[in-house]
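Visitor: Sequence first, predicted model second:
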Amino acid sequence: MDNQSVYQEWTEQDMIIFNGYLIDEKEVPCKWMDHGTPCDELVQAKNLKDHLHHRHGVMSNSQSYHCHWDACHHKEPMQKTSLERHVVEQHVPVKWACPYPYCVETFTREHTLRAHIARSHA
């Protein structure tokens, strides 16, 4: 059975879960700067928010934070959730890939992938 036949048996949700699982399991080096040195700890993408919380003190929703990712040019302070989203979207090479055969689109957010599928593959 070829790959296209396998994909045809899957639902859209099955394909997103499959691709998302593989992407979330990817380990990325943390480049959060601490006293002029990048952290460099390998972190699974799905655990990056917890890593920022436990290792770098990004904890409170009522506090503002600056991004300390190596070479980040974003200067404005952000709330915790905005900082987490900023790090994932701007600094971590983790993408949601379109699961349809021959489509090479990638996205930084799952809901953007779902909108693409609805628009382009419905």
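Guide: Now that the structure is in, tell me what you want to look at.

Visitor: pLDDT weak spots in this structure?
Guide: The chain contains residues with pLDDT under 70 at 1-10, 12-25, 94.

Visitor: That one: helices as residue ranges?
Guide: Counting by DSSP state H, the chain has helices at residues 3-9, 12-24, 48-56, 80-86, 110-120.

Visitor: show me what contacts Leu48?
Guide: Contacts of Leu48 were listed using C-beta atoms under 8 Å, 6 or more residues apart in numbering, and they are Val28, Cys30, Glu84, Val87, Val88, Val92. (Glycine included, C-beta is placed from N, CA and C.)

Visitor: how near is it to Val87?
Guide: 7 Å (C-beta to C-beta, to the nearest Å).

Visitor: which of the contacts of Leu48 tops the neighbour count?
Guide: Comparing the contacts of Leu48 on neighbour count, Val87 comes out first with 24 neighbours (neighbours: other C-beta atoms under 10 Å).

Visitor: out of everything not next to it in sequence, what's closest to that residue?
Guide: Trp69 (6.1 Å; C-beta to C-beta, 6 or more residues apart in numbering).

Visitor: And for Glu110?
Guide: Nearest one to Glu110, counting by C-beta to C-beta, 6+ apart, is Trp96 at 5.4 Å.

Visitor: okay, now that neighbour: neighbour count?
Guide: The local packing of Trp96 (other C-beta under 10 Å) involves 21 other residues.

Visitor: ok, the contacts of Leu48 vs Glu76, which is closest?
Guide: Val87 (14.3 Å; C-beta to C-beta).
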